[in-house]
Structure formats: C-alpha cells, structure tokens
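Enquirer: 3D model of this:
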Amino acid sequence: MNVRPGKKLGLILSALAIGGALLTTPVWRSQASVRPGPPRFPDLTITAVEKVYYSTTSGRRGALIPDRVRIQVSNIGNAAAGSFEDQFEWDAGWGNEQEYIFFINGLGAGQSAWVEVSSNGYNLWQAGHQFRYTTDCTNSVVESNENNNVYNGP
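Expert: Numbering: from 1, shown residues only. Below you'll find the model as predicted:
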C-alpha cells in the first residue's frame with residue numbers, strides 16, 4: 001500500500017485469506033482516548049443590585065429612604081445548583097450590625113432569582129455605612145468559581 005506524506009490514517013488492516021477465512025491484523029492504533037466534556041459545575045453569583053426606596057423618614061412626612069435592596073442571584077454555570085443559603089448583613093463590625101440568613105431552593109443552569117431584603121428603616125446607601133450580600137454563604141454548593149459570591153455595597 002502506498003501512503004502519501006501528510007495523509008492521515010486511522011487504522012490500516014492487512015488481511016490474509018487462509019482456507020477461506022479472513023484474518024485481520026491491526027498495524028496501527030490511535031493513542032487518542034475519549035475525552036469528557038468540560039466539567040459541569042454551577043456558578044452562583046450576584047448579577048444585579050437595585051436600590052429600593054420604601055420607608056419614610058420620621059422627621060419629614062412622605063420622604064422616602066432607601067432601606068431595601070433588590071439583588072439578582074444567578075447561576076451562570078453549566079449545571080444546576082441545589083439548595084443553598086444566602087446572607088445579608090449591614091454595618092458589619094459596628095455595634096448595630098444586623099444580618100439575615102435565608103434559604104434558596106436551588107437554581108438551574110442559566111436561571112436567576114430576585115431577592116429583596118429590608119433593613120427596616122435604616123438607610124443602606126448613606127455615606128459611611130456598608131452592607132454585604134453573600135450567596136452560598138456556607139459553601140454548600142461546589143462551584144466552578146467560589147470567588148464571585150459576594151457583593152459589598154454601597
């Protein structure tokens with residue numbers, strides 16, 4: 001058999017006819033193996049944050065203060081995430097630190113959920129104050145990226 005340079009061969013078989021039976025002998029086998037696709041992991045992250053004005057200030061009738069935050073939690077990975085816990089805290093490290101921990105029942109790959117949290121009249125966006133939202137705060141979901149689960153505001 002003539003093989004031209006540059007021509008790729010998968011398997012060359014030589015055949016011998018012995019007494020009417022056909023025998024094959026492998027001459028070359030590919031060393032390539034079946035490679036699995038990329039690992040399939042969820043990746044929970046915060047993809048949007050919105051300021052929500054809700055409570056009125058006590059000294060000025062009708063004046064609204066931004067005491068709520070709407071946060072979009074998304075699974076940007078390529079696999080579903082099971083149940084996980086999220087945490088919302090404000091003025092961490094101060095004497096009046098407050099926090100909530102709550103459960104999300106899971107997100108499929110590519111899905112998002114909006115969460116609205118309230119500080120019950122405390123202005124979350126006021127200068128000198130801080131808040132933090134952490135998705136999967138207990139690391140119960142094995143993710144492709146564990147470093148994108150926190151939003152620090154404002």
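
Enquirer: Need the nearest residue in space to Gly82, chain neighbours excluded.
Expert: Gly106 (5.0 Å; CB to CB, 6 or more residues apart in numbering). In this view, the C-beta of every residue, glycine as well, is placed from N, C-alpha and C.

Enquirer: just Glu146 next, same as before
Expert: Asn139 (6.8 Å).

Enquirer: The one you found: neighbour count?
Expert: As a burial measure, the neighbour count of Asn139 was computed by other CB atoms under 10 Å and equals 11.

Enquirer: ok, the residue nearest to Gly82 - contacts?
Expert: Residues in contact with Gly106, defined by CB atoms under 8 Å, 6 or more residues apart in numbering, are Ala80, Ala81, Gly82, Ser83, Phe84.

Enquirer: next one: Gln87
Expert: Contacts for Gln87 (CB under 8 Å, 6+ apart) come out as Glu99, Tyr100, Ile101, Arg132, Tyr133, Thr134, Cys137.

Enquirer: Give me the distance between the fourth one and Gly108.
Expert: Arg132 sits 26 Å away from Gly108, taking CB to CB, to the nearest Å as the criterion.

Enquirer: Kindly report the same for the first one.
Expert: Taking CB to CB as the criterion, Glu99 is separated from Gly108 by 28 Å.

Enquirer: same thing with the second one?
Expert: Tyr100 sits at a distance of 24 Å from Gly108 (criterion: CB to CB).

Enquirer: what does the last one give?
Expert: The spacing between Cys137 and Gly108, counted by CB to CB, is 20 Å.

Enquirer: can you give me the mean pLDDT across stretch 117-135?
Expert: Averaging pLDDT along stretch 117-135 gives 84.

Enquirer: buried stuff in that stretch?
Expert: Neighbour counts over stretch 117-135 (16 or more other CB atoms under 10 Å) mark Val117, Ser119, Tyr122, Asn123, Leu124, His129, Gln130, Phe131, Arg132, Tyr133, Thr134, Thr135 as buried.
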